[in-house]
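Enquirer: Sequence plus predicted model, see below.
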Amino acid sequence: MLTPGKFHVGLLVAVAACTGSVSGGVSAGGDGGAGGASSGGRGGADGSPSQPDPSQCTIAPGPAYLRRLSQVEYVRTVRDLTGIEPALTADAPRDSRLDGFDNNRATLALSTSHLSFYAKVSSEIAERALPAGATKPALLGCEVTGAARRGCLEATIAGFGRRAFRRPLDDAEKAAYSTLAGLAENDPDPLAAFRLVISTFLQSPWFLYRVEIGTATKDGKRQLTGYELATRLSYLLWGTTPSVDLLAEAERGRLEDAEGAKTVARAMLADPRAREGMARFTGQMMRLADLETETRDATTYPLWGQGLREAMAEETRRVLEELIFGNSPAFTRLFDAPFTFVNAVLAKHYGLPAPRAGWERVDLQDRDNRGGILTHGSVLTMTGHTEITAPIARGAFVRDVLLCDPLPPPPVGVPPAPEDRAGKTVRQILEEHGKAGCVECHRRLDATGFGLERYDLVGGYREKDELGTPLSAKGHLEGASSPEFTGGVELGRKLATMPEARACLIKHVFRYGFGRHEVEADACALEALQKSLDAHRGDLAATLVEFAGSTTLREIGESP
């Protein structure tokens, strides 16, 4: 188990191989399922279940897992520590995604490629931040030569180390880093010792991992320290390392009680960094990274070569930001939001009035084919193919991303849909194909996707397909109280009324915040968060403030 008194020179290879758990301590790896921090409800005095409350849902016994910084978190953290953003070159290791997110602990293994990458980047960052000849580098803020050198070195170890480890260094760690710096004392370049210290900090497990040990409470549980909670909140709300001011709040003890934590979280959400952090969350929730790899024929779709794909992604980002930070925030309106944002290219694509300049908000109240996330070109393009539309993929997006109800893979041996259309519509082909395979799955996927058939491969609206055949927009949403619908706007309105869709939004917040998939014992925490979101009328920021003060976020398990 890692403890503050142990010093790590560079990144220990042992951490890369560490799996499983240590009772009452810290473990690396994990399978994203049972065994992680999870939540359960408390029963009432008569033995019946009590109403869930974020402050009353407790963390079930279990180990706390080490979580490596994802590559995006790593880049942003180094940038905010040093002012220099590392470049993710083609040979840099990439993180896979689970549930749409790249910060799931089950995918954050450590390979030799990561070790090489961190060693290379840490050295480059140290060289760039501390160039030869500099006597008072901005990163250090003190003189590196003469009588001030020793004090500067000690201040660097304590100050930079505190920011890199996201907590104060203990005396043993300070002494070890001072000894390390001594290895470069005979180097003619006075900055060599400082570069060695900085690069070593950037390779330490305390930097690369989010370590949560906590402190024991009177009732035998473990609660995050102020510094550990500051780190949780920072990566949840900002997507990067705690600021100097946030660490100072932790030092003052502001995060050690529920009200203090909520006050700090409220201030963090008012900070401009929250917009970048929430854009990372919502972008991954909506799988927007998939849009980056989509290609279309520029002859068939001339706007594609004029920045249409980039405009689609920006539209979705702006709408989601407005639903969180706008004047009337209501994140639950993403299903049926009666507005969007367009630039000149996107307005032309949608057949909307061109904005006067740049990006402009557009009211969609009177539009019957635009409104809600399912009519965004980004979603419709990501869920299409390069030649024909894909009702199966569009239906799967609804079930997986918007309802958190993914279907299992198709049975083995089911033949693919025929490529030769023979004058048939996509609906006709898939209806026939569904009879030869998993009828239930096709009914749940295709029937929903059929309702989006009037949107082409790039989300443009049409009445007929490529063959000139009139298209029906009738669909069926399995699970809705009134499942029949016509078109994407009505589909969005139906989703907005489904408790499963609102609950799915909370699951995404949970998965992103804890870096794991929910398990059965998390039911209390999830329901409490859902009730909080409903009580705040869909205001996600207000819900996150409540979340910051809850035991769900602030506890890490009970002692064995």
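Expert: Sure thing, it's come through.

Enquirer: you'd agree Q223 is up against T215?
Expert: Yes. Applying C-beta atoms under 8 Å, one finds Q223 in contact with T215, separated by 6.1 Å. All C-beta spots, glycine's among them, are computed from the backbone N, C-alpha and C.

Enquirer: quick one: contacts for A496?
Expert: Shown in contact with A496 (C-beta atoms under 8 Å, 6 or more residues apart in numbering): 332-333, 335-336, 372.

Enquirer: let's see it at 6 Å
Expert: With contact taken as C-beta atoms under 6 Å, 6 or more residues apart in numbering, A496 is in contact with 335-336.

Enquirer: picking that back up, compare Q223 and T215 (neighbour count), which wins?
Expert: More neighbours surround Q223 than the other of Q223 and T215, with 19 against 13 (other C-beta atoms under 10 Å).

Enquirer: List the contacts of the more buried one.
Expert: Counted by C-beta under 6 Å, 6+ apart, Q223 has contacts 214, 217, 554-555.

Enquirer: Considering those, which is situated nearest to D271?
Expert: In terms of C-beta to C-beta, no member of the contacts of Q223 lies closer to D271 than R554, at 20.6 Å.

Enquirer: if we can go back for a sec, which of the contacts of Q223 are buried? Put it as a PyMOL command.
Expert: To isolate the buried ones among these in PyMOL, judged by 16 or more other C-beta atoms under 10 Å, type:
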select buried, resi 214+554+555
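
Enquirer: For P418, report the pLDDT, please.
Expert: Note on P418: pLDDT of 56.

Enquirer: ok, the contacts of Q223 vs L544, which is closest?
Expert: Taking C-beta to C-beta as the measure, L544 lies nearest R554 of these, at 13.5 Å.

Enquirer: The closest one: what's it in contact with?
Expert: R554 neighbours (C-beta under 6 Å, 6+ apart): 223-224, 229.

Enquirer: What of R399?
Expert: D405.

Enquirer: Phi, psi for it please.
Expert: Main-chain torsions, R399, degrees, to the nearest 10: phi -70, psi -40.

Enquirer: That one and S378, how far apart?
Expert: 18 Å (C-beta to C-beta, to the nearest Å).

Enquirer: what does P168 give?
Expert: In terms of C-beta to C-beta, P168 sits 44 Å off from S378.

Enquirer: Can you classify the residue nearest to Y209 when sequence neighbours are not counted as helix, strand or coil?
Expert: Leaving aside its sequence neighbours, Y209 sits nearest to L66 (C-beta to C-beta, 6 or more residues apart in numbering; 4.6 Å). Reduced to three states with DSSP: H, G, I helix; E, B strand; the rest coil, the structure at L66 is strand.

Enquirer: Which pLDDT value goes with L66?
Expert: For L66, the pLDDT comes out at 84.

Enquirer: least trustworthy helix or strand in the protein by mean pLDDT?
Expert: For the chain, using mean pLDDT, DSSP states H and E, the weakest element among its helices and strands is strand 38-40, scoring a mean of 35.

Enquirer: Spatially central residue for this structure, please.
Expert: In the chain, the centroid-proximal residue (C-alpha atoms, centre = their mean) is F281; its distance is 3.6 Å.

Enquirer: can you tell me which of the contacts of Q223 lies nearest to R367?
Expert: The closest of these, once distances to R367 are taken by C-beta to C-beta, is R554, at 44.5 Å.

Enquirer: Provide the backbone phi and psi angles at the closest one.
Expert: Residue torsions, per degrees, to the nearest 10, at R554 are phi -90, psi -10.

Enquirer: any idea how far A261 is from it?
Expert: Counting by C-beta to C-beta, the gap from R554 to A261 is 7 Å.

Enquirer: from the contacts of R554, which ones fall inside helices?
Expert: L229 (DSSP state H).

Enquirer: okay, the contacts of R554 in CSV with pLDDT and distance to K494 next?
Expert: What follows is the contacts of R554, written out as CSV (pLDDT from 0 to 100; distance: C-beta to C-beta, whole Å):
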residue, pLDDT, distance to K494
Q223, 88, 42
L224, 92, 40
L229, 97, 39
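
Enquirer: of P168 and S378, who's got more company?
Expert: S378 (26 against 15).

Enquirer: is it true that the more buried one lies in a helix?
Expert: Yes. Judged by three-state DSSP, S378 forms part of a helix.

Enquirer: which residues touch H114?
Expert: Shown in contact with H114 (C-beta under 6 Å, 6+ apart): P93.

Enquirer: Are we agreed that it is in a strand?
Expert: No. Counting by three-state DSSP, H114 is not part of a strand but helix.

Enquirer: Tell me the confidence at it?
Expert: pLDDT, H114: 94.

Enquirer: Please report how far it lies from G549.
Expert: The separation that H114 has from G549, given C-beta to C-beta, amounts to 35 Å.

Enquirer: Neighbours of E484, how many?
Expert: Neighbour tally, E484, other C-beta under 10 Å: 13.

Enquirer: need the contact list for it.
Expert: E484 is in contact with H476, counting by C-beta under 6 Å, 6+ apart.

Enquirer: cutoff 8 Å now
Expert: Residues in contact with E484 (C-beta under 8 Å, 6+ apart) are 474-476.

Enquirer: And A501, by the same measure?
Expert: A501 is in contact with 335, 402-403, 495, counting by C-beta under 8 Å, 6+ apart.

Enquirer: which regions of the chain sit below the pLDDT cut-off?
Expert: Within the chain, the stretches with pLDDT under 70 are 1-56, 58-64, 410-443, 557-560.

Enquirer: Now do the shared contacts for R554 and A261.
Expert: In contact with both R554 and A261: L229, using C-beta under 8 Å, 6+ apart.

Enquirer: now the strands: where do they sit in the stretch 151-300 of the chain?
Expert: For the stretch 151-300 of the chain, the strands defined by DSSP state E, counting those that start in this stretch cover 209-210, 215-216, 221-223.

Enquirer: do the stretch 401-550 of the chain as well
Expert: 474-476, 484-486.

Enquirer: correct me, but R394 touches R454?
Expert: No. At 11.6 Å, R394 does not count as touching R454 under the criterion of C-beta under 8 Å.

Enquirer: So between these two, which is more surrounded?
Expert: Using other C-beta under 10 Å as the criterion, R394 and R454 rank with R394 on top: 27 against 21.

Enquirer: For that one, which non-adjacent residue is closest in space?
Expert: Excluding its sequence neighbours, the residue lying closest to R394 (C-beta to C-beta, 6+ apart) is G449, at 3.8 Å.

Enquirer: Report the contact partners of that neighbour.
Expert: Each residue near G449 by C-beta under 8 Å, 6+ apart is listed here: 383, 390-396, 398, 475.

Enquirer: give me that answer again for 6 Å
Expert: Taking C-beta under 6 Å, 6+ apart as the test, what G449 contacts is 391, 394-395.

Enquirer: what does L334 give?
Expert: L334 makes contacts with 323, 373, as judged by C-beta under 6 Å, 6+ apart.

Enquirer: do you know how far it is from T340?
Expert: In terms of C-beta to C-beta, L334 sits 11 Å off from T340.

Enquirer: repeat for P93
Expert: P93 is 36 Å from T340, where distance means C-beta to C-beta.

Enquirer: now do C57
Expert: Taking C-beta to C-beta, one finds C57 at 36 Å from T340.

Enquirer: same check, this time on R167
Expert: Distance of R167 to T340, computed by C-beta to C-beta: 43 Å.

Enquirer: L233 too?
Expert: According to C-beta to C-beta, L233 and T340 sit 31 Å apart.

Enquirer: and K262, what is it in contact with?
Expert: When the contact criterion is C-beta under 6 Å, 6+ apart, the partners of K262 are 545, 548-549.

Enquirer: Can you tell me how far it is from L233?
Expert: Distance, K262 to L233, by C-beta to C-beta: 10 Å.
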